[in-house]
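> give me a model of this one.
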Amino acid sequence: MTETTTADHGRATWTLLFAAWLIALLASLVVLFVGEVMGQAPCNLCWFQRAFMFPLAIVLGVASLRADAGGWRYALPLAGAGLLVAGFHSLLYLGLIPERITPCSQGLSCTSADMTILGGLPLPMLALVAFGAIAVLLFLARSRTSS
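Alright, predicted model coming up:
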């Protein structure tokens, strides 16, 4: 492999990691804004999603700062776990899973109108899109480093 090709792969991998970090950072800031400024209390599933998104913002930020092409190794498990929780949460929000079998039986309901921002965008679906986009970017970064 030539030096130029290696440098191009490194730059492309960094760009993918940086884009994933921007998504994780934006998602983290949005949920902090929704909770702290708008005063919407998160449901149990939202807390689990935060437990995966907040570390993603840190891990991907450090990987981007250090230009660590292997940063996907640490971030992909977090994104995958968050994607699973967000997927379950989205199915619940859409009514495809009965609410009585969910961990949100106490406190705020996952299907309430409080689970939307900006005129009706559902938070569970936004989380699913964010985790999905991060996972796709990390898979692309993985394929760049293994070729």
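
> quick one: the spatially most central residue of the chain from Leu60, how far?
The centroid of the chain falls nearest to Phe131 when counting by CA atoms, centre = their mean (3.2 Å). Applying CB to CB, to the nearest Å, the value for Phe131 to Leu60 is 12 Å. Just so you know, the C-beta spots here come from the backbone N, C-alpha and C atoms, and that holds for glycine as well.

> one step back: correct me, but the residue nearest to the centre of the chain touches Pro77?
No - look at Phe131 against Pro77 with CB atoms under 8 Å: they stay out of range, at 12.0 Å.

> who touches both of those two?
Overlap of the contact sets of Phe131 and Pro77 (by CB atoms under 8 Å, 6 or more residues apart in numbering) is empty.

> pretty sure Leu138 contacts Arg73?
No - using CB under 8 Å as the test, Leu138 is too far from Arg73 to be in contact (9.0 Å).

> out of the helices and strands in the chain, which is least certain?
Least confident helix or strand, the chain: strand 116-117 with a mean of 69, by mean pLDDT, DSSP states H and E.

> select the longest helix from this protein.
Ranked by residue count and defined by DSSP state H, the top helix of the chain is helix 3-32.
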